[in-house]
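*Asks:* what's the 3D shape of this:
(2 chains)
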Number of protein chains: 2
Amino acid sequence: MALTHYPVVNKNGDIITSAVTNLDLHDMARAGKTYGVRAFYVVTPLEDQKTLIKRIVSHWVSGMGAKYNPKRREALELICTRDSLEEVIDHIGLENENLPKTVVTCAREVPGRIGFKKFRKMLKQGDPYLLVFGTAWGLSDDCISKADYVLDPIKGNSDYNHLSVRSAASIILDRLLGGNLFGSNGE
Amino acid sequence: MALTHYPVVNKNGDIITSAVTNLDLHDMARAGKTYGVRAFYVVTPLEDQKTLIKRIVSHWVSGMGAKYNPKRREALELICTRDSLEEVIDHIGLENENLPKTVVTCAREVPGRIGFKKFRKMLKQGDPYLLVFGTAWGLSDDCISKADYVLDPIKGNSDYNHLSVRSAASIILDRLLGGNLFGSNGE
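*Replies:* Numbering: from 1, shown residues only, chains lettered A, B, ... in the order given. So this is what the prediction gives:
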């Protein structure tokens, strides 16, 4: 999966590069590890932000944090930093026979989108997929239109549709990859 | 639902009062609003922490933040601060015919726990329930044993069992209250 800081939009719809949020890295790496995600790409073209990501990751993977909390190390080891989604796709292509299909997430109901059940079945076929999350007010329209698939938005049971990317990613991974949706003693 | 900062345990199993994390308030309030939760109680007995919570909430509910992002206001309005879970239970009792039953969350497989499917059905009966989350390394054993019910732990599809409380709360609300688990075009 990938967390994208460019190209995303701000509240006015302008394309921006957002700042990295420490807890996005922790929460999404931990959720990714829980649900067996192969790698967690953090995408930003900004040098200072890449330096920040490396400082955070190295603290937990090889620094003091690794000793203090080895479980956090296991999760943050999933993180790879890349300048763009194109670089992520190329990197995945090097490790697989085929380039991955891209599946972007979006809080809006984009025409032609696919549902969770369908994508869950597609994932079981074994082909590589890249699941893309946006920061700020979401991925740019251009980024969404270039993707192979757009995933259904999450619906709760209200009209409120403003989850954090950390919450959305956790719920989406659970819906797509949760081993047993209703727990071990579901009755 | 409630997020508890006391009594919780640290990594050595000692009972502590944990510090409030800003993004716990935001992410859990936004998830609570998405899934129609009635109130989000943040529990801490510490005066300085209660002051911090009030500063954060008032910024987004009545301060600059409310203008900048009204959707954030709608979510953070769910937050009530209380000194203890007992106070939370009393407060809910004042607004309902009966005291709420307490359902605590725990990453371990506690004997006699209930599954998501069962609790989902119980919630549909309309009786009040208080869903309790712990911070740090989780709720104290005493707190867990005093609850009416313990909910199944979340299983992903790996042995890794270390989600953030923000992720766990989001996934649990989706499993318990998600309107349509597989989206609007589930095929």
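
*Asks:* which residue ranges form the helices in chain A?
*Replies:* Here chain A has its helices, by DSSP state H, at A:22-34, A:47-61, A:64-68, A:70-76, A:85-95, A:116-123, A:141-146, A:165-177.

*Asks:* so which of the ones you listed gets nearest B:Gly156?
*Replies:* Counting by Cβ to Cβ, B:Gly156 lies closest to helix A:22-34 out of these; the figure is 3.6 Å. The way it works is simple: take the backbone N, C-alpha and C, and place the C-beta from them, glycine included.

*Asks:* hmm, back to that, out of the helices of chain A, deepest packed?
*Replies:* Of all these, helix A:165-177 has the most neighbours on average by mean count of other Cβ atoms under 10 Å in any protein chain shown, namely a mean of 25.

*Asks:* Report the mean confidence score over it.
*Replies:* The average pLDDT within helix A:165-177 is 97.

*Asks:* on that earlier part again, turn the helices of chain A into a markdown table, including distance to chain B.
*Replies:* Output for the helices of chain A, formatted as a markdown table (distance: least, Cβ to the nearest Cβ, whole Å):
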| stretch | distance to chain B |
| --- | --- |
| helix A:22-34 | 4 |
| helix A:47-61 | 12 |
| helix A:64-68 | 8 |
| helix A:70-76 | 5 |
| helix A:85-95 | 19 |
| helix A:116-123 | 4 |
| helix A:141-146 | 17 |
| helix A:165-177 | 4 |
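
*Asks:* need the ones you listed in CSV with distance to B:Ile53, can you?
*Replies:* Conversion of these to CSV gives the following (distance: least, Cβ to Cβ, whole Å):
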stretch, distance to B:Ile53
helix A:22-34, 18
helix A:47-61, 26
helix A:64-68, 27
helix A:70-76, 26
helix A:85-95, 38
helix A:116-123, 35
helix A:141-146, 36
helix A:165-177, 19
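
*Asks:* so where's chain A shaky on pLDDT?
*Replies:* Confidence mapping of chain A against pLDDT under 70 gives the ranges A:180-187.

*Asks:* hey, which strand is longest across it?
*Replies:* For chain A, the strand with the greatest residue count under DSSP state E is strand A:129-134.

*Asks:* Pairing partners for that one, with directions?
*Replies:* strand A:2-4 (parallel), strand A:101-104 (parallel) (DSSP bridges).

*Asks:* Reformat those as a markdown table; add mean neighbour count and distance to A:Met64.
*Replies:* Output for those, formatted as a markdown table (neighbours: other Cβ atoms under 10 Å in any protein chain shown; distance: least, Cβ to Cβ, whole Å):
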| stretch | mean neighbour count | distance to A:Met64 |
| --- | --- | --- |
| strand A:2-4 | 25 | 25 |
| strand A:101-104 | 20 | 36 |
